[in-house]
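Chemist: here is a sequence together with a model predicted from it:
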Amino acid sequence: MFQSCRSLRSLLVMRCPNLVSFSLNLQETPSLERFILKECPKLIPHRFNGFAFAASLRRLSINSPFSSDDSSVDDFDWSGLRSASTLRELRLEGLPHTESLPHQLQYLTTLTSLSLHNFGGIRVLPDWIGNLVSLETLKLRDCDKLQSLPPEAAMRRLTKLTCVDVFDWSGLRSASTLRELQLRGLPHTESLPHQLQYLATLTSLTLANFGGIEVLPDWIGDLVSLETLELSDCENLRSLPSEAAMRRLTKLTRVQVDDCPLLRQRYTSQRGIYLEEEISSDPTSGDSKQEGNNGAQTSISCCFPSLLKKEKPGEA
C-alpha cells in the first residue's frame, strides 16, 4: 500500500467511516515516526496488520478505532512492538470493554509516555508496568473500574517517572463540599496538582509517599479551612510553605510529619520554627508514647507551634 513511500514520516488515518481493513507494513515505510489511527468504526481489528519492522516509529496513537463493544485491544497484532526500540509515546483510547493491556507492551523499555483513555474494563494495572524503565509520564483517563496502580515495588522501578496523571483535577474547583483529601503512592511526582489550591472548604489534607516533592507550595495557605495537615514518607521534602502562607491557615491545629527526614533537619528550635518530637530517641524514657525502630525517633509533629497555639493571658 505504501511501497513508494519510503520517506514518509507521519501518517494519520482518521474518520474513515467505511474503512474495513488496513495494512501497514513498516518495512515499506522505514522512515515513519508518527502513526495515528482514529475513529474508523468499521475497521475489523484482526485485519489490521501491525507494527513489525518499526525501525523509526516514535509516536503511536490508537484512538477510538472501533464501534463494536466486543472489540478488544488483543485483536491487534502487537507482536512487532517487541522490537520497536525507537517508540517513545504510546496512546491507546476508546476500548471501554477491554479488561487487560496487551502484554507485548511490557517490552517497550524506551517508552517515555504512556496514555490510557477509556479502558473501562481494567481493574488493576499489571506489575509489568515496572518494566517500562524509561517511562516519565503515565496518564489514565476514564478508566471507570480501575482500582489501583501497580504495587509499590513495581512503581519504584520507574526511577524516571515524574508525572502520574490519574485524574482530571479540574472538577475540584467546584467541589464545594469536599472536607478530607488523601493522596498516596506517587513517589516520583515532583509537584501537587495546582487545582487543589481552590479547595477552600478542605479541613484535612494527607500527602503520603510523594518522594519527588521538595517544597510545599505557598498556595497551601489558600486552604483557609484546613485544620489538619499530615505528611509522611516524603523523603525529599525539605520545606513547608513560607511562614506567611502558614499564617493564613488560621484554623490549623495539627500538623503531623512522619518519615520526612529533611524537614526535621531544617526546622530547629534555634530558628524558632521547629518540630517537636512525639517519640523519644531514648527508648528508656518514661514520656515516650511508643518506640520506633531501635528506639529511634520516627514521628514528629507541631510545625510552626507559634501558629498552632494561642498565648495564654499573662504569658510573655
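Modeler: Everything's here; your move.
Chemist: bridged to Arg34, which residues?
Modeler: On the basis of DSSP bridges, Arg34 is bridged to Ser10, Arg59.
Chemist: Arg58 is in contact with that one, correct?
Modeler: Yes - if you go by Cβ atoms under 8 Å, Arg34 and Arg58 touch, sitting 6.6 Å apart. C-beta: built from backbone N, CA, C; applies to glycine.
Chemist: what about the helices in the protein?
Modeler: Ranges of helices within the chain are 152-156, 243-247, 261-266, 305-308, based on DSSP state H.
Chemist: tell me the helices and strands packed up against the longest one.
Modeler: To tie it back to what came earlier, the one meant is helix 261-266. The helices and strands touching helix 261-266, judged by 3 or more Cβ pairs under 8 Å, 6 or more residues apart in numbering; DSSP states H and E, number zero.
Chemist: let's go with 10 Å and repeat that
Modeler: Counting contacts by 3 or more Cβ pairs under 10 Å, 6 or more residues apart in numbering; DSSP states H and E, helix 261-266 packs against strand 299-301.
Chemist: in contact with Ser115, which residues?
Modeler: Contacts for Ser115 (Cβ atoms under 10 Å, 6 or more residues apart in numbering) come out as 61, 63, 89-93, 137-141, 165.
Chemist: and the buried ones among those residues, selectable in PyMOL?
Modeler: Burial among those is assessed by 16 or more other Cβ atoms under 10 Å; the matching PyMOL selection reads:
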select buried, resi 61+63+89+90+91+92+93+137+138+140
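Chemist: can you redo the contacts of Ser115 as CSV with pLDDT and distance to Leu114?
Modeler: Shown next, in CSV, are those (pLDDT from 0 to 100; distance: Cβ to Cβ, whole Å):
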residue, pLDDT, distance to Leu114
Ser61, 89, 12
Asn63, 77, 14
Glu89, 96, 8
Leu90, 93, 5
Arg91, 92, 8
Leu92, 87, 8
Glu93, 84, 12
Thr137, 87, 7
Leu138, 87, 5
Lys139, 87, 7
Leu140, 85, 9
Arg141, 80, 12
Asp165, 74, 11
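Chemist: with distance to Leu240 as extra columns, can I get the contacts of Ser115 in CSV?
Modeler: Listed next are the contacts of Ser115 as CSV, based on distance: Cβ to Cβ, whole Å:
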residue, distance to Leu240
Ser61, 41
Asn63, 43
Glu89, 36
Leu90, 38
Arg91, 37
Leu92, 40
Glu93, 39
Thr137, 28
Leu138, 28
Lys139, 29
Leu140, 30
Arg141, 32
Asp165, 25
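Chemist: of the contacts of Ser115, which is the nearest to Gly130?
Modeler: For the contacts of Ser115, the minimum distance to Gly130 (Cβ to Cβ) is 11.4 Å, reached by Leu138.
Chemist: that older thread, rank the helices of the chain by pLDDT, which is bottom?
Modeler: Of all the helices of the chain, the minimum mean pLDDT falls on helix 305-308 (a mean of 45).
Chemist: residue ranges with poor pLDDT in the stretch 201-316 of the chain?
Modeler: Scanning the stretch 201-316 of the chain for pLDDT under 70 picks out the ranges 267-316.
Chemist: make it 80
Modeler: Along the stretch 201-316 of the chain, segments meeting pLDDT under 80 span 264-316.
Chemist: can you check the stretch 51-200 of the chain too?
Modeler: For the stretch 51-200 of the chain, the stretches with pLDDT under 80 are 51-55, 63-84, 94-98, 120, 142, 144, 147-149, 152, 162-178, 184-189.
Chemist: residues of stretch 220-229 that come out buried?
Modeler: Neighbour-count burial for stretch 220-229, counted by 16+ other Cβ under 10 Å, picks out 220-223, 226, 228-229.
Chemist: of those, which pair is most distant in space?
Modeler: Checked with Cβ to Cβ, the buried residues of stretch 220-229 reach their widest spread between Asp222 and Thr228, with 16.3 Å between them.
Chemist: follow-up on the earlier one: reformat the helices of the chain as a markdown table; add distance to Thr189 and mean neighbour count.
Modeler: Formatted as a markdown table, those follow (distance: least, Cβ to Cβ, whole Å; neighbours: other Cβ atoms under 10 Å):
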| stretch | distance to Thr189 | mean neighbour count |
| --- | --- | --- |
| helix 152-156 | 11 | 15 |
| helix 243-247 | 21 | 15 |
| helix 261-266 | 17 | 15 |
| helix 305-308 | 27 | 15 |
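Chemist: got a markdown table for those helices, with distance to Val13 too?
Modeler: A markdown table is the format used below for the helices of the chain (distance: least, Cβ to Cβ, whole Å):
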| stretch | distance to Val13 |
| --- | --- |
| helix 152-156 | 34 |
| helix 243-247 | 50 |
| helix 261-266 | 51 |
| helix 305-308 | 59 |
